[in-house]
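**Q** return a 3D structure for these sequence lines:
(2 chains)
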Amino acid sequence: DGGITQSPKYLFRKEGQNVTLSCEQNLNHDAMYWYRQDPGQGLRLIYYSQIVNDFQKGDIAEGYSVSREKKESFPLTVTSAQKNPTAFYLCASSMAGPSNQPQHFGDGTRLSIL
Amino acid sequence: GQQLNQSPQSMFIQEGEDVSMNCTSSSIFNTWLWYKQDPGEGPVLLIALYKAGELTSNGRLTAQFGITRKDSFLNISASIPSDVGIYFCAGSPYSGAGSYQLTFGKGTKLSVIP
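**A** Next up, the predicted model:
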């Protein structure tokens, strides 16, 4: 089945540690996105990528980094510079083109601080 | 940045009742999307709207793209227990250059009383 796979489902981070969240899609979508979701809040965009080897900062990029070496993969690293990393992280993808392309989401990774 | 106001924040309804929720934006959007999110999962796309005045149905769900391009409405008819979840609106602002960024509302949490 085509879809977006995020792993792990749950992740724990120690102080000062970098952690990487995985996102893989087999939908042949060009664009991929990372969002952060906090309780009672909407989704906030961290980074997005429209094409391989290119990505742009979203609204809350500080303390995060990404790479897009393959079309199917868009990993997110939560660095030690992100002082409040506890949240639900969602990856999405969509067809490239004009902005009116629906984004489809993975099932998320919940990150907590040890 | 863009802002979306989604209301109500939460709703408690009896099974079989109809539900209405809406989103308003501070600026013109050219796309409105409605998603549903179950606990611990990613949002699932329900309805996508691309034209002002457009009315689209998906089973018991009906959504409308407001004529002013600054609002959208979602109605659920004859609610059932599995309608429980958080409903998000999302919009793409009008931009001739195209944009891959979506703005999300904070969600409407729906509870259905059997």
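
**Q** tell me the bridge partners for the residue positioned nearest the centre of chain A.
**A** Most central in chain A under C-alpha atoms, centre = their mean is A:W34, positioned 2.7 Å from the mean C-alpha point. Beta bridges link A:W34 to A:Y47, A:C91 when assigned by DSSP bridges.

**Q** pretty sure it sits against A:F74.
**A** Yes: contact criterion C-beta atoms under 8 Å: A:W34 and A:F74 qualify, at 7.0 Å. Where C-beta positions appear, they are placed from N, C-alpha and C, glycine not excepted.

**Q** which residues do those two both contact?
**A** Common contacts of A:W34 and A:F74, defined by C-beta atoms under 8 Å, 6 or more residues apart in numbering or on different chains, comprise A:C23, A:V66, A:C91.

**Q** most neighbours, which of the residues you listed?
**A** Neighbour tally across the shared contacts of A:W34 and A:F74 (other C-beta atoms under 10 Å in any protein chain shown): the maximum, 28 neighbours, falls on A:C91.

**Q** can you check the pLDDT for B:A97?
**A** On the pLDDT scale, B:A97 is placed at 47.

**Q** quick check: buried residues in stretch B:79-88?
**A** B:S79, B:D83, B:G85, B:I86, B:Y87, B:F88 (16 or more other C-beta atoms under 10 Å in any protein chain shown).

**Q** residues touching it, excluding its own?
**A** Counting by C-beta under 8 Å, 6+ apart, A:42-43, B:6, B:13-19, B:21, B:34-39, B:43, B:46, B:60, B:74, B:76, B:104-105, B:107-112, B:114 sit against stretch B:79-88.
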